[in-house]
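Chemist: give me coordinates for this.
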Amino acid sequence: MRSRRTRTLDGGPDELVEEIYRIRTDGTGLQRVTSGPGGDAVGADISGSGGRISYVSIQDPLGTNPEHNEEVFSYDTATSMTRQLTSADDHNADIARISRDGAYLYFFTSEELTEDDPDYPDDLYRVEVSTDTIQRVSGLRLSAIHPPWGLTVDQNGAHAAFTTFGNWTNSNPDLKDEVYLVDLTAAPGIRGSGPAPTTVSWDVEAGPIRYDVLRGNVSNLSPGSPGTVSLGPVLCLENDSPDADTAGFADTENPPAGQAFFYLYRGSPGLKVGPGSYGKSSDSSERVAGAGDCSL
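Modeler: All right, here's what the predicted structure looks like:
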């Protein structure tokens, strides 16, 4: 598979733009995947079976990109169907990479998909090809965020690795180029520092921009409405934390004798998505906070 500019490989119309072609490794079966006019199609990636191809283009093959923004497309070789997976208003998508099973695409864009931000940071997203569902999988916004180098995706789209500079996990204050891993299978941990003043910290998740952190009393846990568990009255320790700890917002109380406190956090990918979830109990009931919850 390759892009070609200035002349066609298949005898088709010469539009003087870069197009995507596919060809078998034995040199047979040459097929054009994209067709201008309107601009280049670049950055092709292919699934493990060769059945699905991803690329970025400013073309408008479906009539859904009249602005000719850089958008993410997929092409299914079995059905010869092209799909536009992103639809930006002003900002371009870039560096589309597909999982080996063809189910997910990762891409970067500064489009405000989950939250308006006047700085237009470049964020990493994952889109499920079959449903067009897009989720943010970037880290924290503690510094300027820049597009990556060497973005690669695993077999089923649950992991992605790349290199970039920035402070995505609050562990790179010098903003040097580092290697980052998105792991959507890992269970994030949460830790308390001990007796009051208690600082809570947790693992940076792929997705949230900010976090809410609360404290509750184990004695107040009870069944809630169907499908939920009530956390009872709680204390919001930090609302909209931009990092992964409550430094500066420590819990100054210890639990009464014979009782125990618990701490939970929820991460939000942005105001357009919502506040996130405090997680689920062992029977998969949604945890719902009572009075004192952090604001939405």
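
Chemist: residues in contact with Asp123?
Modeler: Applying C-beta atoms under 8 Å, 6 or more residues apart in numbering to Asp123 gives the contacts Phe108, Thr109, Ser110, Leu113, Thr114, Arg136, Ser138, Ile145. For the C-beta atoms, the positions are set from N, CA and C on the backbone; glycine is no exception.

Chemist: for the residue nearest the centre of the chain, which non-adjacent residue is spatially closest?
Modeler: The chain has Val137 as the residue nearest its centroid, 2.0 Å off, counting by C-alpha atoms, centre = their mean. Spatial nearest neighbour of Val137, excluding adjacent residues (C-beta to C-beta, 6 or more residues apart in numbering): Ala206 at 4.3 Å.

Chemist: wait, Pro208 touches Gly267, no?
Modeler: Yes: in terms of C-beta atoms under 8 Å, Pro208 counts as a neighbour of Gly267; the distance is 2.8 Å.

Chemist: and for the two, which residues touch both?
Modeler: Common neighbours of Pro208 and Gly267 (C-beta under 8 Å, 6+ apart) are Gly276.

Chemist: name the residue in these two with the higher neighbour count.
Modeler: Taking other C-beta atoms under 10 Å, Pro208 and Gly267 do not tie; Pro208 has more neighbours (25 against 21).

Chemist: report pLDDT for that one.
Modeler: Taken from the predicted model, the pLDDT recorded for Pro208 is 97.

Chemist: go on, the one 3 residues further on?
Modeler: Tyr211 is assigned a pLDDT of 98 by the prediction.

Chemist: next one: Gly29
Modeler: 91.

Chemist: please report how far it lies from Val42.
Modeler: As defined by C-beta to C-beta, to the nearest Å, Gly29 lies at a distance of 22 Å from Val42.

Chemist: which of the two has more residues huddled nearby?
Modeler: Just comparing Gly29 and Val42: by other C-beta under 10 Å the higher neighbour count belongs to Val42, 19 against 9.

Chemist: next, the residue of the chain positioned farthest from its centre: secondary structure please.
Modeler: Residue farthest from the centre of the chain, counting by C-alpha atoms, centre = their mean, is Ala257 at 43.0 Å. What DSSP: H, G, I helix; E, B strand; the rest coil gives for Ala257 is coil.
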